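A.B. asks: What follows is a predicted protein model with its sequence.
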Amino acid sequence: MANPLANIGKVPELKSRILFSLAMLAVYRVGVFVTVPGVDRQVMADYMNSSGGGGVLGMFNLFSGGALQNISIFALGIMPYISASIILQLLTVVVPAVERMNKEGEAGRKKINQYTRYGTVILSFIQGMAMAIWLESLNSQSMAGNTAAVAVGGWGFRLLTVLSLTTGTVFIMWLGEQITDRGIGNGISLIIYAGIVAGLPRDASQTYSLVKNGQISLPALLFIAAVILIVTAAIVYFESAQRRIPVQYAKRVVGRQVMQGANSFLPLKVNSSGVIPPIFASSILMFPATMANFLPRSPLVASVVGSIVPGRLLYNTMYVGLIVFFCYFYTAVTFNPVDVADNLKKGGGFVPGVRAGKKTAEYIDMVLSRITFGGAVYISAICVLPTFLQTNFNVPFFFGGTALLIVVGVAMDTAKQIESHLITRSYEGFGGERGPRIRGRRAEA
């Protein structure tokens with residue numbers, strides 16, 4: 001049997017798409033080390049190390065691929081774009097005009113994407129100004145002796161920082177769109193994936209240092225490894241899990257031909273929303289800490305931000321609640337049971353024991369709601385488990401559940417896209433399936 005990986009090089013289009021994606025990700029990783037003008041990178045690195053790299057800053061640094069620790073022009077990461085996407089999707093449900101725009105097909109989606117870009121610029125400006133003010137506040141608590149975090153403060157520095165960070169976020173957004181259009185996989189997800197993977201060697205090195213110094217015993221290390229394997233296996237299992245609704249097609253007469261009835265099924269994924277819910281939930285929970293930089297001396301704001309810290313009960317409760325909400329919300333936005341039921345009825349298909357039309361839509365919606373709840377529980381457990389181990393059992397677990405979910409989920413989605421390209425071009429995919437032979441514009445089985 002031929003190696004599926006070796007077949008990638010035999011498809012010129014697929015090969016060029018993969019190389020293009022890798023090139024764009026390489027450009028992104030280079031930009032992570034381009035520091036904002038007027039800022040001492042070492043001061044920020046010392047500050048992050050002194051805080052243990054945890055909390056909201058640690059989560060922000062994770063999603064920015066380490067750009068925050070370097071005070072890079074990419075320090076805001078892709079979060080403003082994700083926040084703008086959340087706002088537009090919420091408006092799709094609330095505002096009828098936006099909902100009509102979403103139903104206009106490709107033209108409507110282009111308009112929504114354009115508004116999402118505008119929203120990204122506005123949010124980047126707000127968060128960039130907040131970060132500039134916060135960087136100036138580090139001068140009074142510098143962790144590097146007499147070295148100041150900001151050489152020269154004032155409005156000149158603030159405007160330059162806002163311009164640098166906003167430009168960096170817009171450039172990341174452009175990279176993600178280019179990867180989606182001309183590369184392989186979802187560009188935004190791959191950028192987040194690349195940032196997380198880039199930090200894995202550092203986390204492995206820290207774990208090795210703790211084992212070498214005796215701070216982690218051998219049984220604890222084996223326990224951590226077992227948790228990582230179990231979590232990874234659970235992610236692979238649930239991301240591949242489906243609920244298959246049986247569908248039957250009646251015998252039809254088309255012209256002079258009699259089309260025989262057939263049995264099929266409607267596959268419904270247990271986790272149809274993918275890695276979107278934890279990304280959206282993390283983005284929302286990080287936003288208050290960003291806005292708090294505008295009111296750094298307010299006791300009320302400090303109390304609220306201090307309560308929303310990863311590992312605490314309030315944070316975990318809000319995190320799980322937001323994950324469950326976005327699981328249902330994103331599934332409702334991307335999957336319409338009424339349209340599916342209408343398409344089945346037009347094609348002569350029906351679910352055994354269920355009346356076609358409205359009853360079929362209600363049945364599909366009921367099944368989808370039940371399996372989405374199971375998917376939401378699975379995602380919540382994966383994302384909260386490592387934090388629970390760190391907080392309650394003092395296990396130094398550097399490989400967070402959210403990070404593992406994103407890494408494994410994005411890798412599986414990208415692998416499926418590569419496999420579909422291989423099967424279409426008559427090469428065996430990763431599962432050993434061979435596609436149809438292509439001759440000109442006609443496909444022969």
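C.D. replies: Sure, I can see it.

A.B. asks: who's in contact with Ile188?
C.D. replies: Residues near Ile188 by CB atoms under 8 Å, 6 or more residues apart in numbering: 78, 81-82, 173, 176, 180. Placement of C-beta: from N, CA and C, glycine included.

A.B. asks: cool, Leu266 as well?
C.D. replies: Residues counted as contacts of Leu266 (CB under 8 Å, 6+ apart) are 244-245, 247, 340, 344, 351, 364.

A.B. asks: Filter these down to the buried ones and hand me the PyMOL line.
C.D. replies: Applied in PyMOL, the following selects the buried portion of those according to 16 or more other CB atoms under 10 Å:
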select buried, resi 245+247+340+344+351+364
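
A.B. asks: of the contacts of Leu266, closest to Leu404?
C.D. replies: Leu404 lies nearest to Arg244 out of the contacts of Leu266, by CB to CB, at 27.2 Å.

A.B. asks: is the closest one in a bridge, and if so with what?
C.D. replies: Pro267 (DSSP bridges).

A.B. asks: In contact with it, which residues?
C.D. replies: 265-268.

A.B. asks: Separate out the buried members of the residues you listed.
C.D. replies: For the contacts of Arg244, buried by 16+ other CB under 10 Å: 266, 268.

A.B. asks: mind putting the contacts of Arg244 in TSV, pLDDT included?
C.D. replies: Shown next, in TSV, are the contacts of Arg244 (pLDDT from 0 to 100):
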residue	pLDDT
Phe265	83
Leu266	87
Pro267	88
Leu268	89
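
A.B. asks: Relative to Ile122, which of the contacts of Arg244 is nearest.
C.D. replies: Checking the contacts of Arg244 against Ile122 by CB to CB gives Leu268 as the nearest, at 36.8 Å.

A.B. asks: tally of neighbours for the nearest residue to Arg41 once chain neighbours are set aside?
C.D. replies: With CB to CB, 6 or more residues apart in numbering as the criterion, Arg41 has its nearest non-adjacent residue at 5.0 Å, and that residue is Thr35. A total of 17 residues lie near Thr35 under the criterion other CB atoms under 10 Å.

A.B. asks: who's Thr35 bridged to?
C.D. replies: Beta-bridge partners, per DSSP bridges, of Thr35: Ser72.

A.B. asks: Pretty sure it sits against Asn70.
C.D. replies: Yes. Thr35 lies in contact with Asn70 (CB atoms under 8 Å); the separation is 6.2 Å.

A.B. asks: any shared contact partners between those two?
C.D. replies: Taking CB under 8 Å, 6+ apart as the contact rule, Thr35 and Asn70 both touch Arg41.

A.B. asks: Point out where the stretch 151-300 of the chain drops to low pLDDT.
C.D. replies: 151, 251-261, 289-298, 300 (pLDDT under 70).

A.B. asks: the strands in it, which residues?
C.D. replies: Applying DSSP state E, counting those that start in this stretch to the stretch 151-300 of the chain gives strands spanning 242-249, 252-254, 257-259, 262-269.

A.B. asks: And the stretch 301-445 of the chain, by the same measure?
C.D. replies: Using DSSP E, counting those that start in this stretch, strands in the stretch 301-445 of the chain cover 349-350, 437-439, 442-444.

A.B. asks: Give the partner strands of the shortest one in its sheet and their orientations.
C.D. replies: Paired neighbours of strand 349-350 in the sheet (DSSP bridges): strand 242-249 (antiparallel).

A.B. asks: send the alpha carbons of the strand it pairs with over as CSV?
C.D. replies: Provided in CSV are the C-alpha atoms of strand 242-249 (Å, rounded to 0.1, in the frame of the first residue of the first chain):
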residue,chain,number,x,y,z
GLN,A,242,-21.5,11.0,14.7
ARG,A,243,-25.1,10.3,15.2
ARG,A,244,-26.4,8.8,11.9
ILE,A,245,-30.1,9.4,11.2
PRO,A,246,-31.3,6.7,8.7
VAL,A,247,-32.8,8.1,5.5
GLN,A,248,-34.7,6.2,2.8
TYR,A,249,-35.4,7.3,-0.7
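
A.B. asks: what kind of secondary structure is the nearest residue to Leu160 once chain neighbours are set aside in?
C.D. replies: Nearest residue to Leu160 in three dimensions, chain neighbours excluded: Pro37, at 5.9 Å (CB to CB, 6+ apart). With DSSP: H, G, I helix; E, B strand; the rest coil as the basis, Pro37 sits in coil.

A.B. asks: For Pro37, which residues are in contact?
C.D. replies: 160-161, 164.

A.B. asks: Spell out for me the ChimeraX command that would select the buried members of the residues you listed.
C.D. replies: In ChimeraX, a selection of the buried entries from these looks like this (16+ other CB under 10 Å):
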select :161,164
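
A.B. asks: any idea which of the contacts of Pro37 is closest to Ile133?
C.D. replies: For the contacts of Pro37, the nearest to Ile133 is Thr161 (9.3 Å; CB to CB).

A.B. asks: The closest residue in space to the closest one that isn't next to it in sequence in helix, strand or coil?
C.D. replies: In space, and not counting its chain neighbours, Thr161 is closest to Ala132: 3.9 Å by CB to CB, 6+ apart. Three-state call for Ala132 (three-state DSSP): helix.

A.B. asks: What score does Ala132 have for pLDDT?
C.D. replies: For Ala132, the model assigns a pLDDT of 85.

A.B. asks: Contact partners for it?
C.D. replies: Per CB under 8 Å, 6+ apart, neighbours of Ala132: 157-158, 161-162.

A.B. asks: biggest helix in the protein by residues?
C.D. replies: Criterion DSSP state H: the longest helix present in the chain is helix 358-393.

A.B. asks: Return the set of buried residues in that helix.
C.D. replies: Neighbour count says helix 358-393 has 360-361, 363-365, 367-368, 371-372, 375-376, 378-387, 389-390 buried, by 16+ other CB under 10 Å.

A.B. asks: list the helices and strands that helix packs on?
C.D. replies: helix 218-240, strand 242-249, strand 262-269, helix 276-291, helix 313-334, helix 337-346, helix 401-424 (3 or more CB pairs under 8 Å, 6 or more residues apart in numbering; DSSP states H and E).

A.B. asks: now that helix and helix 276-291, what's the angle there?
C.D. replies: Between helix 358-393 and helix 276-291, the angle comes out at 50 degrees (axes from the mean of the first three to the mean of the last three CA atoms, to 10 degrees).

A.B. asks: Ile308: how many residues sit nearby?
C.D. replies: By the criterion of other CB under 10 Å, Ile308 has 19 neighbours.

A.B. asks: actually Gln89, not the one I typed
C.D. replies: 21.

A.B. asks: what sits against it?
C.D. replies: Gln89 touches 329-330, 333, counting by CB under 8 Å, 6+ apart.

A.B. asks: Which one of the residues you listed is nearest to Ser273?
C.D. replies: Minimum distance to Ser273 across the contacts of Gln89 is 4.0 Å, recorded for Tyr330 (CB to CB).

A.B. asks: Dump the contacts of Gln89 into a markdown table; add distance to Lys212, pLDDT and neighbour count as well.
C.D. replies: Converted to a markdown table, the contacts of Gln89 look like this (distance: CB to CB, whole Å; pLDDT from 0 to 100; neighbours: other CB atoms under 10 Å):
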| residue | distance to Lys212 | pLDDT | neighbour count |
| --- | --- | --- | --- |
| Phe329 | 46 | 87 | 19 |
| Tyr330 | 43 | 85 | 19 |
| Val333 | 49 | 79 | 16 |
